[in-house]
Every structure is written in C-alpha cells, then in structure tokens.
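Chemist: Structural data only, the sequence is not supplied:
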C-alpha cells in the first residue's frame with residue numbers, strides 16, 4: 001500500500017476520532033456554576049482544553065489505525081471480501 005494511501009487513511013481515522021473525543025470531560029459554564037461570560041452561550045465550555053483533546057485524539061486514532069492495519073496485514077479479512085461487501089455494485 002502506498003504511503004500516501006496509509007497517511008490518507010490515518011488522517012480520516014484521526015479526523016473522525018476528533019469528533020468522538022471532543023466532548024470528553026467537557027463541562028459547560030452552566031454546569032460548573034460559574035458566571036456566564038457576556039455574549040456566550042450557557043452551554044459553551046467553561047474550560048477550553050484543545051491540546052488535551054488533540055493528544056487523546058492522536059492516541060485513540062493511532063490505536064484504531066494499528067488494529068486495522070494488523071487486520072489488513074495479517075489477511076484476516078481479505079481485501080476481495082471487503083470489495084465484494086462494500087464496493088461498487090457489479091453489473092451482470
């Protein structure tokens with residue numbers, strides 16, 4: 001598999017994982033009981049932890065990628081089976 005394909009697959013996994021990780025541990029201004037900053041929504045996060053989320057996204061995405069790569073490399077699920085199952089429809 002070409003390195004560009006591997007990087008594209010990792011990027012897609014990372015991006016999807018980011019949206020799964022973003023809500024982890026987020027508490028809104030309303031939930032924390034803090035004074036709601038003027039001009040902000042009460043549901044806005046009280047503390048922004050972007051670097052924390054990016055770090056966890058990278059960890060989780062790497063674990064998912066390694067598991068999928070191991071399945072692919074071991075031939076546990078043949079590529080032909082995936083194409084048959086999820087590929088474009090074949091015209092007879």
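Modeler: Yes, it's here. Note that this is a predicted model, so its numbers are computed, not measured.

Chemist: quick one, helices of the protein?
Modeler: With DSSP state H, the ranges of helices along the chain come out as 3-21, 29-32, 50-74, 79-86.

Chemist: Can you add distance to residue 42, mean pLDDT and mean neighbour count and give those helices back as TSV?
Modeler: The C-beta positions use only the backbone N, C-alpha and C, and glycine is treated the same way. Formatted as TSV, the helices of the chain follow (distance: least, C-beta to C-beta, whole Å; pLDDT from 0 to 100; neighbours: other C-beta atoms under 10 Å):
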stretch	distance to residue 42	mean pLDDT	mean neighbour count
helix 3-21	22	95	13
helix 29-32	4	82	14
helix 50-74	20	94	13
helix 79-86	42	80	10
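
Chemist: And the ones you listed: which comes nearest residue 40?
Modeler: Closest approach to residue 40 among those (C-beta to C-beta): helix 29-32, 6.9 Å.

Chemist: outside of stretch 66-73, which residues touch it?
Modeler: Identification of contacts with stretch 66-73 by C-beta atoms under 8 Å, 6 or more residues apart in numbering yields 1, 9, 13, 77, 79.

Chemist: Can you tell me the centre-most residue of this protein?
Modeler: The residue lying closest to the centre of the chain (C-alpha atoms, centre = their mean) is residue 17, at 1.0 Å.

Chemist: Now do the contacts for residue 40.
Modeler: So residue 40 contacts residue 29 (C-beta under 8 Å, 6+ apart).

Chemist: I'd like the distance between it and residue 34.
Modeler: Note on residue 40: its distance to residue 34, by C-beta to C-beta, to the nearest Å, is 11 Å.

Chemist: what does residue 43 give?
Modeler: Noted for residue 43: a distance of 13 Å to residue 34, by C-beta to C-beta.

Chemist: what's the distance between residue 48 and residue 24?
Modeler: Plainly put, residue 48 is 13 Å away from residue 24 if you go by C-beta to C-beta.

Chemist: And residue 82, by the same measure?
Modeler: Per C-beta to C-beta, residue 82 is found 30 Å from residue 24.

Chemist: wouldn't the residue nearest to the centre of the chain be in contact with residue 62 here?
Modeler: No: with contacts counted by C-beta atoms under 8 Å, residue 17 stays clear of residue 62, the gap being 9.2 Å.
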